[in-house]
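Participant: Compute the structure for the input listed below.
(2 chains)
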Number of protein chains: 2
Amino acid sequence: MSVYTPVSQAELAAWLANYSVGRLEDCEPIEAGIENTNYFVTTAQGRYVLTLFERLPAQELPFYLGLMAHLARHGIPAPAPIADLADQYLGRLNGKPAALVTRLPGRSHERPGAAECAELGALLARMHLAGRSYSAYLENPRGPKWWRLAASEVREFLDAEQRALLDAELAFHATQRFPDLPRGPVHGDLFRDNALFDEAGRISGVIDFYFAGVDCLLYDVAVCANDWCLADVADDPSLEPERMAALLGAYQAARPWTPLERAAWPVMLRAAALRFWLSRLHDFHLPRPGMLVHAHDPKHFRRILECRRAS
Amino acid sequence: MSVYTPVSQAELAAWLANYSVGRLEDCEPIEAGIENTNYFVTTAQGRYVLTLFERLPAQELPFYLGLMAHLARHGIPAPAPIADLADQYLGRLNGKPAALVTRLPGRSHERPGAAECAELGALLARMHLAGRSYSAYLENPRGPKWWRLAASEVREFLDAEQRALLDAELAFHATQRFPDLPRGPVHGDLFRDNALFDEAGRISGVIDFYFAGVDCLLYDVAVCANDWCLADVADDPSLEPERMAALLGAYQAARPWTPLERAAWPVMLRAAALRFWLSRLHDFHLPRPGMLVHAHDPKHFRRILECRRAS
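Facilitator: Got it, this is the predicted structure:
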């Protein structure tokens, strides 16, 4: 579970007096998530998620909260940060930066089909279009600069074959530069568990914006494809054609790709696979002190990466 | 009905391409309301209300839309304006200023009981507290300046008794000044039909902010009391004690009144009655060209006013 900082009912009730959401009715810790402490909070006014930021750099938090607010006011079902009586999104609770955001309804799909991939593609495109008027800037914190840093840290834990793969990929991507691809805020982590669907099959929530940053919009599509469109999550990392067609077709119906984007697509799939292989290697070999969850097995993204190299 | 400016499906579908709300699925005119043209709009993303502003002064619109956005991001269930791709709340459609806002769920209560009045009181207080950090300013457009203007216009239509009542009330209020009452943005028109309740009995929406302005917060409470707490809407304008206690108790649990507010309360109830008697007289005797609805009978608020004078 992921409660690093306990918050009592009494502490929370007192803190909520800074907000216009009415009195506290219920509060329960959220087990998922590894970066922050999260609680479901119910008040007289509605349902919220309380997040205590455990390790994200404080100067990045306004970018994330501002982006969520920006997208929400454009009609994207992103969690909307709630401003306090001093009109601030970011507060402090039990010594940690903290924010209250709306709790979105719905459930994630473990095994999405073509219909869900089409919903995702359409929403992702709308999110990208809406995000382009967001004026704050934060470079994707898991971009190429971070790849090189993470690679240098995990290198010593790798066997020769893994090292060769890592070095080859870093060398390959160093030759790939896409200065002219459309850029903007990207979610950066829109895996299946970060999209909630309502009972009508519509996306009712996109959550967990704490890996967002400005990058090529195409990169965000590649992150999604590498998770939502796997032929078999357990043992076939190839991309299943029907779900891929649904994802990319719906996306491009709202935001058609430029010729440069079409050309860059295979490279972007590899880049997205490399980013998650690296972070999983890092979490696996260099778990942070106090990290309470088991790290994902890095093999999953290594297989995806090898498969994307071969295609 | 209140559709002054027709909008075709094709026109609306084209206009919505400026937004991130997905493709148009349905659109139907809203019959209620007399100031604007309104449509319910359903898109791939959600449910909205489209408003074409027919006669509100253009320079006031940013105040109203900004206030709704401000309250929504503080957790108040106000309609949230949707920003377009250029990050603007206010657009233009078929020659009129136009805005898209979220459609809130729930139904209004024609005969609220003490429980609904308590919900209203609590929400109104939270709305007032949240509104105080809103920085835009618009003087209540139906305040004392407007009373005198409206009175001069309707005077010729009144009989001697009505004139005497009007003159006496204007003279009385000219002696009443409350510079030290807490002020802030007020809704100004929070009648029963502008509050929506969900099935659990909670307020799920406060709508129609187009009479909002900055005024004494207490005035907003008085507007509510004069509608929600009438002993009998049809024939007893006195205030029913149980609902009054529920409204004022819940309000003051969240924002206790100052001693000055307690002293000003009877005057404020008269002021709120006068304001609506005047606007109903005005709509009745001087209907605006093209006004498509029957005006409310001014007698209702005259009886309320006489009752408040006598208490």
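
Participant: can we go C-alpha only for contacts and neighbour counts from here?
Facilitator: OK.

Participant: give me every residue that touches A:Ala272.
Facilitator: A:Tyr219, A:Ala222, A:Val223, A:Asn226 (Cα atoms under 8 Å, 6 or more residues apart in numbering or on different chains).

Participant: Just give the number of residues close to the third one.
Facilitator: I take that to be A:Val223. Close neighbours of A:Val223, defined as other Cα atoms under 10 Å in any protein chain shown, add up to 23.

Participant: close enough to count as contact, it and A:Gly188?
Facilitator: Yes: A:Val223 lies in contact with A:Gly188 (Cα atoms under 8 Å); the separation is 6.9 Å.

Participant: what about the helices in the stretch 51-200 of chain A?
Facilitator: A:61-73, A:114-131, A:144-154, A:160-174 (DSSP state H, counting those that start in this stretch).

Participant: List the buried residues of the shortest one.
Facilitator: Within helix A:144-154, the residues that qualify as buried are A:Pro144, A:Trp147, A:Ala150, A:Ala151, A:Val154, counting by 16 or more other Cα atoms under 10 Å in any protein chain shown.

Participant: Which of these lies at the shortest distance from A:Met244?
Facilitator: The closest of these to A:Met244 turns out to be A:Pro144 (Cα to Cα; 25.4 Å).

Participant: what sits against A:Gly75?
Facilitator: Counting by Cα under 8 Å, 6+ apart, A:Gly75 touches B:Ser20, B:Val21, B:Gln45, B:Ile82, B:Ala83.

Participant: Please apply the same query to A:Pro179.
Facilitator: With contacts defined as Cα under 8 Å, 6+ apart, A:Pro179 has no neighbours.

Participant: for it, phi and psi?
Facilitator: Per-residue torsions, A:Pro179: phi -70, psi -20 (degrees, to the nearest 10).

Participant: Burial check on A:Thr175, number of neighbours?
Facilitator: A:Thr175 has 8 neighbouring residues, counting by other Cα under 10 Å.

Participant: Then A:Phe284?
Facilitator: Neighbours around A:Phe284, by other Cα under 10 Å: 17.

Participant: hang on, the earlier thing: looking at the contacts of A:Ala272, spot the one nearest A:Glu116.
Facilitator: Each of these was scored against A:Glu116 by Cα to Cα, and A:Asn226 proved nearest at 14.8 Å.

Participant: isn't there a strand covering that closest one?
Facilitator: No: counting by DSSP: H, G, I helix; E, B strand; the rest coil, A:Asn226 is not part of a strand but helix.

Participant: Mind naming the longest helix for chain A?
Facilitator: Ranked by number of residues, the top helix in chain A under DSSP state H is helix A:259-285.

Participant: what is the mean pLDDT for it?
Facilitator: Taken as a whole, helix A:259-285 has an average pLDDT of 96.

Participant: List the buried residues in the next helix or strand after that helix.
Facilitator: Following helix A:259-285 in sequence order, the next helix or strand is helix A:299-310 (DSSP states H and E). Residues A:His300, A:Phe301, A:Arg302, A:Arg303, A:Ile304, A:Leu305, A:Glu306, A:Cys307, A:Arg308 are the ones in helix A:299-310 that count as buried (16+ other Cα under 10 Å).

Participant: circling back: keep only the contacts of A:Gly75 that also lie close to chain A.
Facilitator: With Cα under 8 Å from any Cα of the partner chain as the criterion, the contacts of A:Gly75 include B:Ser20, B:Val21, B:Gln45, B:Ile82, B:Ala83 near chain A.

Participant: Excluding covalently adjacent residues, which one is nearest to the most centrally placed residue in chain A?
Facilitator: Nearest to the mean C-alpha position of chain A, counting by Cα atoms, centre = their mean, stands A:Asp189 at 2.4 Å. Once flanking residues are discounted, A:Asp189 sits nearest to A:Phe211: 6.2 Å by Cα to Cα, 6 or more residues apart in numbering or on different chains.

Participant: Looks like the one you found contacts A:Pro185 (just checking).
Facilitator: No: using Cα under 8 Å, A:Phe211 is not in contact with A:Pro185, being 10.5 Å away.

Participant: These two: which is more packed in?
Facilitator: A:Pro185 (29 against 15).

Participant: Just the pLDDT for the more buried one.
Facilitator: Confidence score, pLDDT, at A:Pro185: 98.

Participant: Show the contacting residues for it.
Facilitator: Contacts for A:Pro185 (Cα under 8 Å, 6+ apart) come out as A:Leu67, A:His128, A:Gly131, A:Arg132, A:Tyr134, A:Ala212, A:Gly213, A:Val214, A:Asp215, A:Leu217.

Participant: For those residues, which PyMOL command selects only the ones that are buried?
Facilitator: Buried residues among the contacts of A:Pro185 (16+ other Cα under 10 Å), as a PyMOL selection:
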select buried, chain A and resi 67+128+131+132+134+212+213+214+215+217
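
Participant: Those residues of the stretch 51-200 of chain A touching chain B, which are they?
Facilitator: Counting by Cα under 8 Å from any Cα, the residues of the stretch 51-200 of chain A close to chain B are A:73-76, A:80-87, A:122, A:126-127, A:129-130, A:133.

Participant: ok, now with 10 Å
Facilitator: Within the stretch 51-200 of chain A, the positions adjacent to chain B are A:69-77, A:80-89, A:100-102, A:119, A:122-123, A:125-134 by Cα under 10 Å from any Cα of the partner chain.

Participant: out of the helices of the stretch 51-200 of chain A, deepest packed?
Facilitator: Mean neighbours per residue, mean count of other Cα atoms under 10 Å in any protein chain shown, is largest over the helices of the stretch 51-200 of chain A for helix A:114-131, with a mean of 24.

Participant: which secondary structure elements does that helix contact?
Facilitator: Secondary-structure packing of helix A:114-131 (3 or more Cα pairs under 10 Å, 6 or more residues apart in numbering or on different chains; DSSP states H and E): helix A:61-73, strand A:183-186, strand A:195-197, strand A:203-206, helix A:217-228, helix A:241-254.

Participant: Tell me how far it lies from the chain's centre.
Facilitator: 14 Å (Cα atoms, centre = their mean, to the nearest Å).

Participant: Then stretch A:217-231?
Facilitator: Centroid separation for stretch A:217-231 versus its chain: 12 Å, with Cα atoms, centre = their mean.

Participant: next one: stretch A:214-226
Facilitator: 11 Å.

Participant: what about that stretch and chain B, any contact?
Facilitator: No: counting by Cα under 10 Å from any Cα, chain B has no neighbours in stretch A:214-226; the shortest distance is 15.8 Å.

Participant: Could you find the closest non-adjacent residue to A:Arg243?
Facilitator: Closest to A:Arg243 by Cα to Cα, 6+ apart is A:Ala114, at 4.5 Å.

Participant: Show me the domain layout of chain A.
Facilitator: Domains of chain A are assigned by automatic domain parsing as A:9-102, A:114-310.

Participant: how far away is the closest residue to A:Gln45 other than its chain neighbours from A:Val41?
Facilitator: Spatial nearest neighbour of A:Gln45, chain neighbours left out: A:Val21 (5.1 Å); criterion: Cα to Cα, 6+ apart. A:Val21 sits 11 Å away from A:Val41, going by Cα to Cα, to the nearest Å.
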